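just coords:
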């Protein structure tokens, strides 16, 4: 690792950062609407994005700086078990093909901005809607914080901010500047800013990975030598290996499946989806998004390359930035660092917008000011998006990085518990609203308590996301176990509540809403009844 600042890499990094900053502010004029004072415009880009804009936006949203840093870092540290991210992104696209078009249609028809809007309208339950909203906000906050971890990794490798002995203000000033700029253009341009910047971000990432997968193996003697070096390392340490060991197969499979179920429960995934202009755009995107899975598989191989290159870091998150620093010419290392840095800004912007929309629509409007106007909603959402970013910044600067990672793992367990209400509600009204709330509570409590009890060599609690599966005895993903309990409780309680004829709530949707498209006769965006201050 260089002792000083890599001036050339830093100059290239700053050049790209200035470019995307300018794009972020100019995005406010891109497809400007007549009425900018609504969440449809600020928080969903006017629901106007076509296939390619949506593709880049979803890619920029899902494949973050943390993905760029953490997936190969997992391979670097634990071997093939880190490849779980590849099958889970393959599993997720056929899954979302079945339900995202339905969610888009009903949301377009009724003017829903968040998943909680849909849950409230479908089940007539503000309590269930609130549970989904709070879960989404809690799961998103540490995810935003991890984007900061990705930027910090790049800055550390470039030598920016001084060493550990430097006072906190100087050390963290570059990070404060980066997120100050992010906050400003997100406030100004809303979802249009990350949508425009995503073009630059994804192009840079594809270029960097294409070059890395060819250039680095040539310098290291080919893939035979790379895999041999990785195999030698893992045979010495006894960790993982280049092939998953038999004992970790349940963990690998359940983590991949659970992560696939959870990915599009995150508010930022839904926000990017609802910004599309038609149902067909969603369907097309589910067929071309797997191109990112190909990229992810190649990206994961960088972990083995870091081993073969002799990269030695105390913090595994620095492995890939350090590999780029060691292998690439300084100017191209700057391009790679810019790809990671911009890869943090795009999803962080979308995540903060999504969390702000949840607060505004499903907490502020439902419980604090039911008669809020669209302009007031937009103002509150803008302010909350700033608070969310500040909270994430304080979280990262004030806590150890492993805490942020553990909370993100916990966030994945939590967000999966909203699956029955959201996806179940898109296909059936059979589940009772109180049963869904009970199942959600059981899944949340079990998942949190089980994760709390997991220890690691460095942590007494929240040391991982896998534990023994009750009744099976195998080690598996806690989130999936909690999800199964959630579904069982929901089904049992539904039978009980329907038997005693408990109040079922009012469904404001109808079957044709779930297949409606923007161009269909009679289809127009309607404000849900709750928008006018009424409730079920």
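Here it is on my side, so go on. The model shown is predicted, which means the values in this text are computed figures rather than measured ones.

Tell me how far residue 307 lies from residue 77.
Using Cβ to Cβ, to the nearest Å, one gets 10 Å for the distance from residue 307 to residue 77. For the C-beta atoms, the positions are set from N, CA and C on the backbone; glycine is no exception.

again, but for residue 229
From residue 229 over to residue 77 (counting by Cβ to Cβ), the distance is 15 Å.

which ones are touching the most centrally placed residue in the chain?
In the chain, the C-alpha nearest the mean C-alpha coordinate belongs to residue 62, at 5.3 Å (Cα atoms, centre = their mean). With contacts defined as Cβ atoms under 8 Å, 6 or more residues apart in numbering, the neighbours of residue 62 are 89, 263, 269, 292, 347.

mind redoing it with 10 Å?
89, 92, 263-264, 266, 268-269, 272, 289, 292, 296, 347, 350 (Cβ atoms under 10 Å, 6 or more residues apart in numbering).

just residue 515 next, same as before
The contact partners of residue 515, by Cβ under 10 Å, 6+ apart, come to 101, 102, 105, 106, 109, 279.

These in helices, which ones?
Counted as lying in helices by DSSP state H, out of those, are 101, 102, 105, 106, 109, 279.

For these, please prepare a markdown table with the additional fields pLDDT, neighbour count and distance to residue 428.
Putting these into a markdown table (pLDDT from 0 to 100; neighbours: other Cβ atoms under 10 Å; distance: Cβ to Cβ, whole Å) gives the following:
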| residue | pLDDT | neighbour count | distance to residue 428 |
| --- | --- | --- | --- |
| 101 | 93 | 24 | 17 |
| 102 | 95 | 20 | 12 |
| 105 | 94 | 24 | 16 |
| 106 | 95 | 24 | 13 |
| 109 | 92 | 23 | 18 |
| 279 | 89 | 22 | 20 |
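
what would those residues look like in TSV with distance to residue 465?
Formatted as TSV, the ones in helices among the contacts of residue 515 follow (distance: Cβ to Cβ, whole Å):
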residue	distance to residue 465
101	30
102	29
105	34
106	32
109	37
279	34
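
And for the nearest residue to residue 420 once chain neighbours are set aside, the neighbour number?
Spatially, and ignoring its direct neighbours in sequence, residue 420 is nearest to residue 490 (5.4 Å; Cβ to Cβ, 6 or more residues apart in numbering). Here the neighbour count serves as a burial measure; for residue 490 (other Cβ atoms under 10 Å) it reads 23.

before we move on, back to that, pull up the gap between the residue nearest to the centre of the chain and residue 289, please.
8 Å.

joint contacts of these two?
What both residue 62 and residue 289 touch, as defined by Cβ under 10 Å, 6+ apart, is the set 89, 92.

list the contacts for residue 270?
Under the criterion of Cβ under 10 Å, 6+ apart, the contact list for residue 270 reads 61, 100, 103-104, 107, 112-116, 118, 136, 264, 354, 357-358, 422.

hey, what's in contact with both of residue 307 and residue 77?
With Cβ under 10 Å, 6+ apart, residue 307 and residue 77 have common neighbours residue 319.

More neighbours: which of the two?
The residue with more neighbours, out of residue 307 and residue 77, is residue 307; 24 against 18, by other Cβ under 10 Å.

That one is in what secondary structure piece?
If you go by DSSP states H and E, residue 307 is part of helix 302-308.

Which strands or helices does that helix pack on?
helix 65-78, helix 192-220, helix 223-237, helix 319-327 (3 or more Cβ pairs under 10 Å, 6 or more residues apart in numbering; DSSP states H and E).

Apply 6 Å and report the result again.
helix 65-78, helix 223-237, helix 319-327 (3 or more Cβ pairs under 6 Å, 6 or more residues apart in numbering; DSSP states H and E).

quick one, the shortest one and helix 65-78 angle?
To tie it back to what came earlier, the one meant is helix 319-327. Calculated by axes from the mean of the first three to the mean of the last three Cα atoms, to 10 degrees, helix 319-327 forms an angle of 90 degrees with helix 65-78.

what mean pLDDT does helix 319-327 have?
For helix 319-327, mean pLDDT is 91.

what's next to it, contact-wise?
Applying Cβ atoms under 6 Å, 6 or more residues apart in numbering, the external contacts of helix 319-327 come out as 69, 72-73, 76, 153-154, 157, 216, 302, 306, 309, 311, 313, 333, 336.

Please state the offset of it from the chain centre?
Computed by Cα atoms, centre = their mean, to the nearest Å, the separation of helix 319-327 from the middle of its chain amounts to 25 Å.

Could you do the first one as well?
The chain centre lies 15 Å from the centre of helix 65-78; the measure is Cα atoms, centre = their mean.

Stretch 37-44 now?
How far stretch 37-44 lies from its chain's middle: 21 Å, per Cα atoms, centre = their mean.

Could you give the number of residues near residue 198?
Residues near residue 198, counting by other Cβ under 10 Å, number 28.

Wait, it touches residue 55, no?
No: the pair residue 198 and residue 55 fails to qualify as a contact (Cβ atoms under 6 Å) at a distance of 9.0 Å.

before we move on, which element is residue 176 in?
Judged by DSSP H and E, residue 176 forms part of helix 168-189.

Same check on residue 251?
For residue 251, the element it lies in under DSSP H and E is helix 249-263.

Same check on residue 439?
Using DSSP H and E, residue 439 falls within helix 433-452.

Let me see the mean pLDDT of whichever helix or strand comes after that helix.
Scanning forward in sequence from helix 433-452 by DSSP H and E, the next helix or strand is strand 466-468. Per-residue pLDDT values over strand 466-468 give a mean of 88.

Please tell me how far strand 466-468 is from the chain's geometric centre.
Chain-centre distance of strand 466-468: 23 Å, with Cα atoms, centre = their mean.

Same check on stretch 199-214?
Once both centres are worked out by Cα atoms, centre = their mean, stretch 199-214 turns out to sit 20 Å from its chain's centre.

and if you look at stretch 100-120?
Counting by Cα atoms, centre = their mean, stretch 100-120 is centred 19 Å from the centre of its parent chain.

just stretch 429-448 next, same as before
Going by Cα atoms, centre = their mean, where stretch 429-448 is centred and where its chain is centred differ by 23 Å.

pretty sure residue 146 contacts residue 67?
No: because the distance of 9.6 Å does not satisfy Cβ under 6 Å, residue 146 is recorded as not touching residue 67.

still on that earlier bit, now the helices and strands packed on helix 302-308 as a markdown table including distance to residue 398?
Listed next are the helices and strands packed on helix 302-308 as a markdown table, based on distance: least, Cβ to Cβ, whole Å:
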| stretch | distance to residue 398 |
| --- | --- |
| helix 65-78 | 19 |
| helix 223-237 | 33 |
| helix 319-327 | 23 |
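
between the ones you listed, which one is nearest to residue 396?
Taking Cβ to Cβ as the criterion, helix 65-78 is the member of those that comes nearest to residue 396, at 11.7 Å.

what's the burial count for residue 232?
Residue 232 is surrounded by 12 other residues when neighbours are defined as other Cβ under 10 Å.

no no, residue 383
The local packing of residue 383 (other Cβ under 10 Å) involves 14 other residues.

With residue 486 as the reference, measure out to it.
Computed as Cβ to Cβ, the residue 383 to residue 486 distance reads 33 Å.
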